[in-house]
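S.K.: Give me a model of this one.
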Amino acid sequence: MRRVLIALAALIVIVVAGAVLLTQTVSPHTIQQEVARHASRLSGFDVRIDGDTRFSLWPAIGFNIRNVTLTGHDSNTPVAVMDELDGTVKILPLLSGEVVVSSFRLVRPKITLYRGTGGRTNWQTGSAGSVEKAVDTQAAAPGNGNTAVRVGVVEISEGTVVYQDASGGHLNLTGINGSLTWPNAQAPATAAGSLIWNGSAIEFTGRVAEPLAFMGSGKSAFTAALSSSLGQLKLEGSANTRAEFQFNGTADLRSGKLRALLSWLNVPVGAGPGLNDAVLTGSVNLVGGNAALSNLKMRIDNTNAEGAVKIGRTAGLTTIQGTLAADAVDLGRYQNPAPQGDPARQGQPGATERGGRTLDLTGLKGFDIDLRLSAASVKLGKAAISRTAVSLTAREGKFQIAIGEADIFGGRASGTISGTTAASGNLPMMTSFQAKGIQAAPLLDALDLPPRLTGKIDMTFNADGNGANGARFMRTMNGQAKIDVANAVLSGVDLRRAIELVFDPAKAAQTQASSQTALTSINGSFTIKNGVSSTNDLVLTGNQLKIGLNGSHDIPSGALDGSGVAEIGAAAQGGQAPLAIPFRLGGTVAAPKIAPDAAWLLDLNNPESRQKLQDSAKTLLKNGIGKLFERNRQ
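M.R.: Residues are numbered from 1 along each chain as shown. You can find the predicted model right below:
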């Protein structure tokens, strides 16, 4: 053991002495020349050294060179400028005066890449470096073992990369710390490190099995992983980067902050709730900035979908084309909270306006979209649609949503919504819908209206307006609508009882909340202007009852203002001498008020008119109003 320690100590003394001797025999100028020659031979760039060169003996024999610049052929813009270039050299070659660099460390390098008009770049070289020559040799004779080129280990400390092109494209990477290990041309290359882009830190790893093929006309097995606080991406497949980066393989993207991730990627989606948890997996073919995803499976906010999508960039827009099939989609999670409404109008301090929750669509301005979507169910608020197919097209803020035949409220509906987003949040929109056989009560409930009407509705609706939510759209709405309701029941209003109450002043204009009116049909057409719906041909028909109504309905507030004539008895079904009672309609949809027409009541003060009305009631009704008259005479 003692002899081993003595031998080891002697070896250390010899190595240290030899290193000191070498630093005396190999000049800094020699180191500078050899480093510049080695870097130029690898890259093909012109290398200029403007600073001092120093030796180091620990922890390895190496050097430190200040102020190093790399420049492409015939370019005034340096490709790279670094404060310091550190390196290590191999000991044995150094004994014979030869400097063989085994590793580099670039300290605070600033790499500037520029592509001008016509494709001219500042990184074009006057003559190919050994790496490029090896790539060309490999392309001409794949597997040629003579393409040996040694890169070793290249480390970067606090680096910066800035890319610009004549079309306005730019990329800025800062805080680059990492290493590239590539022992020789036939060995795999690996990289690992971290950087900052767009304000967020990213950790990265990568491996290229065949670097020469990767940089040439062939392809190489390729894996990469990116991780940040916003998400993680893994790629595994084959890749090539001779002209532009190309990848074919599988991708796995996971994020707990999808909205923030898209915003960070300069894909504007606007503000609002939702777009949080996301998992996307599938096959991907990536060429430059364009990606084609197939066998795509995705889960976003607990919504599962699958299909195929193409994503790219054209004229500054993010393009999306494809087909997706989803299970249950809840759009309500993407609605903003309703703003505070008008307390005076609604009678409740701090009340929110009906239909006030918004969907922020301003993010569509950055997209060119052509998507075909299908879903087992779609929910928005209280509205539930099943088995629906939707197409979404959008370009530069203009969009159209076309809904094919969809099951909704027990019937079928189809239609379109089109509009233009605006920075103010206003959405100029046009809507057109057709529905058949839908249940009236759930439809009214979904519209935040009292579900007082039951029955099956056939309807058409065409309107335009402005607003980021339903309430604002209602206030500016203009259009046309037509409805036909079969087998209707109007809850909360007994129209026959209301007519009877004409003759009971103590109870006039009051209705019973628990009462109802059965109707065989309701039909009419409406004109909508600035949120006010008007009709002059609304007809409600029931058993020995026919009511014609004209008037208006302020859609945002629910206020009613109208008049009509109620015909009761056999005459309402085509007989003679109807009992006709004119009335006024007021109040709101939630609390309607019905009262006899004032002029008609005044006319009843005329004994002849009153006697005529009583005679008609006795003839046409054997109960109801007739019995009431008999009670009044007693």
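S.K.: before we move on, what SS does Leu261 have?
M.R.: helix (DSSP: H, G, I helix; E, B strand; the rest coil).
S.K.: same thing with Ala441?
M.R.: Strictly by three-state DSSP, Ala441 counts as helix.
S.K.: Contacts only, for it.
M.R.: Pro451, Leu453, Thr454 (Cβ atoms under 8 Å, 6 or more residues apart in numbering). Glycine gets a C-beta too; all of them are placed from N, C-alpha and C.
S.K.: Please report how far it lies from His553.
M.R.: Shown here: Ala441 relative to His553, a distance of 18 Å by Cβ to Cβ, to the nearest Å.
S.K.: next one: Leu265
M.R.: Counting by Cβ to Cβ - Leu265 and His553 are separated by 47 Å.
S.K.: Neighbour count for the two, which is higher?
M.R.: Taking other Cβ atoms under 10 Å, Leu265 and His553 do not tie; His553 has more neighbours (20 against 13).
S.K.: Can you tell me the closest non-neighbouring residue to that one?
M.R.: Nearest residue to His553, sequence neighbours excluded (Cβ to Cβ, 6 or more residues apart in numbering): Ser533, at 4.6 Å.
S.K.: The one you found bridge partners, please.
M.R.: In this entry, Ser533 is beta-bridged to Ile528, His553, by DSSP bridges.
S.K.: Now do the helices in the stretch 251-400 of the chain.
M.R.: 258-264, 343-346 (DSSP state H, counting those that start in this stretch).
S.K.: Among these, which one carries the weakest average confidence?
M.R.: Lowest mean pLDDT within the helices of the stretch 251-400 of the chain: helix 343-346, a mean of 39.
S.K.: Now do the contacts for the spatially most central residue of the chain.
M.R.: The centroid of the chain falls nearest to Val269 when counting by Cα atoms, centre = their mean (4.8 Å). Applying Cβ under 8 Å, 6+ apart, we find Val269 in contact with Arg259, Leu262, Ser263, Leu275, Gly363.
S.K.: Specify which member of the residues you listed is nearest to Ser377.
M.R.: Leu275 (19.7 Å; Cβ to Cβ).
S.K.: what about that closest one, how many neighbours?
M.R.: Neighbour number of Leu275 under other Cβ under 10 Å is 21.
S.K.: CA-only coordinates of stretch 298-316 in PDB, if you can.
M.R.: This file holds the C-alpha atoms of stretch 298-316, laid out as PDB (Å, rounded to 0.1, in the frame of the first residue of the first chain):
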ATOM      1  CA  MET A 298     -57.900  15.200 -26.300                       C
ATOM      2  CA  ARG A 299     -59.400  16.100 -23.000                       C
ATOM      3  CA  ILE A 300     -60.100  19.700 -22.300                       C
ATOM      4  CA  ASP A 301     -61.900  20.700 -19.100                       C
ATOM      5  CA  ASN A 302     -63.300  17.200 -18.700                       C
ATOM      6  CA  THR A 303     -64.600  17.200 -22.300                       C
ATOM      7  CA  ASN A 304     -63.300  14.300 -24.400                       C
ATOM      8  CA  ALA A 305     -62.900  14.500 -28.200                       C
ATOM      9  CA  GLU A 306     -61.000  12.700 -31.000                       C
ATOM     10  CA  GLY A 307     -60.300  13.400 -34.600                       C
ATOM     11  CA  ALA A 308     -57.800  14.900 -37.000                       C
ATOM     12  CA  VAL A 309     -56.600  18.600 -37.100                       C
ATOM     13  CA  LYS A 310     -54.200  20.600 -39.100                       C
ATOM     14  CA  ILE A 311     -52.600  23.700 -37.500                       C
ATOM     15  CA  GLY A 312     -50.400  26.300 -39.100                       C
ATOM     16  CA  ARG A 313     -49.600  30.000 -39.600                       C
ATOM     17  CA  THR A 314     -50.700  32.000 -42.600                       C
ATOM     18  CA  ALA A 315     -50.500  35.700 -43.100                       C
ATOM     19  CA  GLY A 316     -50.100  36.200 -39.300                       C
END
